[in-house]
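Trainee: make a model of this:
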Amino acid sequence: MKADLDRSLKIRVDSDKNANEVAKDIVERSVKAANDAINAMSVISEKSDKINANADIINRLGEEIKTIASTVDDKLATANTALDTSSTNVATAERLVRDAKAYAGQTTVDKRDINNLVDQAKTLKNDIDNKQTSIASNAIKATDAAKRAEVAASKAEQIALPNGGGLITKTEADTKFILKDSLYGIVSVKDFGAVGDGVADDTAAFKRANDNLKNKILLVPNGIYKINEHLTFNTVDSVMDMGTYTNVKPFYPTETPMLKGASNIAFVKNIQYGEEVNQCQGFTYNDKKNVFVLACISGDGTNQVLYELNSSTFEIVGTYKFNDPDKMGHCNTMCYNKYTNKIYLANGLKNGNNLTVLNADTMQYERTITLNERVFNIGYDPITRTYVSIVPISGQQRLREINLYNDDFKKLKTYQVDYEYDDFNNNGAFMLNGCIMSATLGSLVECTPFGTVKQIIEINRTTEIEDIAYCNGKFYFAVLTEKPNKRHQVDIYVGDPNKDYQNSINTARLATLDYLKLTGGTLSGALKMANNTLIEGYKPDGHGVGMAKVSTAGNVELGDNSVNTFIKGKEFKHYDGTDSFTVLTTKHYGTAIYKKKDVDDNFVKKTEVDQLGFPYSKIETATDWNTFTEQGAIEINFDGGANNPPRSHKQGMLIVMNFGKGAMIDQTFHAFNGETYHRMFMANQWKSWGRVQTSLNSRLKLWNANGGNEVYVE
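Mentor: Down below sits the predicted model:
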């Protein structure tokens, strides 16, 4: 039996053997060994009556149990070793444990059987002791073997349980976790005490991780991490970041560029600015108002105009004018901070250490911030909550100084970076998720937060990027093209990292077709434009004007809101796909449509038609009845008033009829008691009131050609 068990447990762990299969085989054979231990003890029980007669059999069985238990322990140790050393990365280790659990969960190990085995061994020992046989020592060995088999079953049970810890207990795993994962080079920040619940302060835990993970991979599991300081992970090899951050996100290595190249950048819209200015400078995006903000200035820096642009169409929706060289100057660059709802502006003309703060709602000046360093441009990263300023170094064409500041403009770090481009121009400052971007005259440079250049994109030098903004996953650029008349062209370009444009900023095929030497002709196919891309023409002053495009909503748009749009044709028709209709214009006055004045003079309003020319009103008091000239029915509810009828009852109905626009007016008053009074206005004067008496004891006189007779009731 021992030989059979040895063969069943014999496993060779080679370096080229699949770790999953090794673990599977070890668990399978370990469980089988435990079952064999049970069977062995059953044999002992069956032969207990023959112990005195057959001590040799007991000795042999005891030795077999001892060997089995020892083999079980050894193989379980081998399983632990295999699990600790076979995997080469976290993914393999996790898969190994899952497979081991799944396989072991299907086994038939039953810890209770092992417990019964122990009880039987103890009973056997008592029998042997009572009989004072010479094989007492062998029984003790059998008991020890059963206990070791129980340990084996317990470990197998840990695997089989749904929430089991694998081949080792949770306490053992917690002790070994960092060391084992360190072998793979991936360490979780939670091993250093991070909680990730959005409430606990995880700053210290991230600091400990940063201090101990040089050249390792930092794993930030799913969670919300509260960090209250700027931390720089510049010694770790990389970061597997799946977390979110409630305050400040650390600076992590960022090797992936924000844009792939100049082919990601394309023209969007030409901006028509006012007469007071002649070029663009700062540019940013206001999250709260969902508008871009573009700064245009005069060349001498005396006039500044800030334009708010619709975030979809880039039409001007707001204009704010300034004449302030000291505070506004060249408006070199701008950035928006959503946490303060302020716009921060670098002057660039005067007071080189000053930043101007504007209220982002009203665009009015609020205050000035003075830094210890020059600040020719400024950007803000809302993810790492960091301001960035990029300053040219005097006497150095290629070098730039990158300064990083916290929300209170306390300087965090300073780097000197070689822009690898011989140009002293320093345009724009942009930062997002720790990545930094700025422009020279002829290049767009991206850096890490540690001062390392990631990539340099060559840009056509005739299109000068002045500043950079970000909205909904895309980058936007304010671009200036110089013109001989000094009214320089201002355009907005988009940078989409997921799209390559044929008409990019470097090819600009739609801006000029001179290179094609086109002299006219007939197209053999449809002229197809990309979505939301304009067909443009030029104004006499050289500025572009949009003529037609298909909008992002899928609608056809004609014209430009900066100029009038004229459509020529014999008639203006609309076709809905089935029928044609004539569009009415001012040409159809007097035939198909009326002017408003004609309608007012010749038609009655609906309210007047509903009341048949007798609008109703109720009067509680009046000083003079001669003022009742408007046609209508008036409910009288008062006594007195000049020129009132000699009535004996105050309540009644006055009917006014107006003829010839007041040339002749008729007033008839019907009192509540049945009396009727009447008078007229004509020949520019009011006549006296007459009365028809119909009350008690009244008389009515009837007339004919020969005279009149009174009719009355006695």
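Trainee: now do the strands in the stretch 351-500 of the chain.
Mentor: Per DSSP state E, counting those that start in this stretch, the stretch 351-500 of the chain carries strands over the ranges 354-359, 365-370, 379-381, 386-392, 399-405, 411-418, 427-432, 435-440, 443-447, 453-458, 464-471, 474-481, 489-495.
Trainee: using CSV, lay out those strands together with mean pLDDT and distance to residue 564.
Mentor: For glycine as for every other residue, the C-beta is placed from the backbone atoms N, C-alpha and C. CSV is the format used below for the strands of the stretch 351-500 of the chain (pLDDT from 0 to 100; distance: least, C-beta to C-beta, whole Å):
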stretch, mean pLDDT, distance to residue 564
strand 354-359, 96, 34
strand 365-370, 95, 37
strand 379-381, 96, 40
strand 386-392, 92, 44
strand 399-405, 92, 47
strand 411-418, 90, 50
strand 427-432, 91, 36
strand 435-440, 91, 36
strand 443-447, 90, 38
strand 453-458, 89, 40
strand 464-471, 94, 30
strand 474-481, 94, 26
strand 489-495, 94, 22
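Trainee: three-state assignment of residue 626?
Mentor: helix (DSSP: H, G, I helix; E, B strand; the rest coil).
Trainee: what sits against the nearest residue to it once chain neighbours are set aside?
Mentor: Nearest-residue entry for residue 626: residue 643, 5.2 Å, with adjacent residues in sequence omitted and distances by C-beta to C-beta, 6 or more residues apart in numbering. Contacts for residue 643 (C-beta atoms under 8 Å, 6 or more residues apart in numbering) come out as 624, 625, 626, 686.
Trainee: so the last one makes contact with residue 626?
Mentor: The one in question is residue 686. Yes: counting by C-beta atoms under 8 Å, residue 686 does reach residue 626; the two are 6.1 Å apart.
Trainee: hmm, back to that, buried ones among the contacts of residue 643?
Mentor: With neighbours counted using 16 or more other C-beta atoms under 10 Å, these contain these buried positions: residue 625.
Trainee: which two of the contacts of residue 643 have the greatest separation?
Mentor: Greatest spatial distance among the contacts of residue 643 (C-beta to C-beta): 624 and 686, at 10.4 Å.
Trainee: could you look up the SS state of residue 204?
Mentor: Under three-state DSSP, residue 204 falls in the helix class.
Trainee: which residues touch residue 496?
Mentor: Contact analysis of residue 496 by C-beta under 8 Å, 6+ apart lists 264, 266, 474, 475.
Trainee: any idea how far the third one is from residue 311?
Mentor: Same thing as residue 474. For residue 474, the distance to residue 311 equals 11 Å [C-beta to C-beta, to the nearest Å].
Trainee: ok, the first one next?
Mentor: The gap separating residue 264 from residue 311 is 19 Å, by C-beta to C-beta.
Trainee: which one of those two has more residues nearby?
Mentor: Using other C-beta atoms under 10 Å, the more surrounded residue of residue 264 and residue 311 is residue 264, with 22 against 18.
Trainee: do a quick rundown of the strands in the stretch 501-650 of the chain.
Mentor: Ranges of strands in the stretch 501-650 of the chain, per DSSP E, counting those that start in this stretch, are 535-538, 544-550, 556-558, 573-575, 580-582, 616-619, 632-637.
Trainee: just checking: what are the partner strands of the third one?
Mentor: Spelled out, it's strand 556-558. Strand pairing for strand 556-558, determined by DSSP bridges: strand 544-550 (antiparallel).
Trainee: how about the CA coordinates for the partner strand, as PDB?
Mentor: The C-alpha trace of strand 544-550 is given here as PDB (Å, rounded to 0.1, in the frame of the first residue of the first chain):
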ATOM      1  CA  GLY A 544     -13.000  83.700 -44.500                       C
ATOM      2  CA  VAL A 545     -16.800  83.400 -44.400                       C
ATOM      3  CA  GLY A 546     -18.800  80.200 -44.000                       C
ATOM      4  CA  MET A 547     -21.100  79.400 -46.900                       C
ATOM      5  CA  ALA A 548     -22.400  75.900 -46.100                       C
ATOM      6  CA  LYS A 549     -21.900  72.800 -43.900                       C
ATOM      7  CA  VAL A 550     -23.700  69.800 -42.300                       C
END
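Trainee: which parts of that strand are buried?
Mentor: The neighbour-count check on strand 544-550 (16+ other C-beta under 10 Å) flags 544, 545, 546, 549, 550 as buried.
Trainee: that older thread, out of the contacts of residue 496, which are buried?
Mentor: The neighbour-count test (16+ other C-beta under 10 Å) marks 264, 266, 475 as buried among the contacts of residue 496.
Trainee: my read is that the last one contacts residue 468, right?
Mentor: Just to be clear, that refers to residue 475. Yes: with contacts defined as C-beta under 8 Å, residue 475 counts as touching residue 468 at a distance of 6.2 Å.
Trainee: confirm residue 349 sits in a strand?
Mentor: No: counting by three-state DSSP, residue 349 is not found in a strand; it is coil.
Trainee: now it: closest residue in space, sequence neighbours ignored.
Mentor: Nearest non-adjacent residue to residue 349, counting by C-beta to C-beta, 6+ apart: residue 329, 3.2 Å away.
Trainee: what's the neighbour count on the one you found?
Mentor: The tally of other residues near residue 329 (other C-beta under 10 Å) stands at 23.
Trainee: just checking, it touches residue 352?
Mentor: No: between residue 329 and residue 352 there is no contact under C-beta under 8 Å: 9.5 Å.
Trainee: contact partners for the closest residue to residue 387 other than its chain neighbours?
Mentor: Among residues not flanking residue 387 along the chain, residue 405 sits closest, at 4.1 Å (C-beta to C-beta, 6+ apart). Taking C-beta under 8 Å, 6+ apart as the criterion, residue 405 is in contact with 371, 386, 387, 388, 389, 411, 412.
Trainee: rerun at 10 Å
Mentor: 230, 371, 373, 375, 378, 380, 386-389, 411-413 (C-beta atoms under 10 Å, 6 or more residues apart in numbering).
Trainee: what's across from it in the sheet?
Mentor: Bridge pairing for residue 405 - DSSP bridges - gives residue 387, residue 411.
Trainee: so how far is residue 321 from it?
Mentor: 30 Å.
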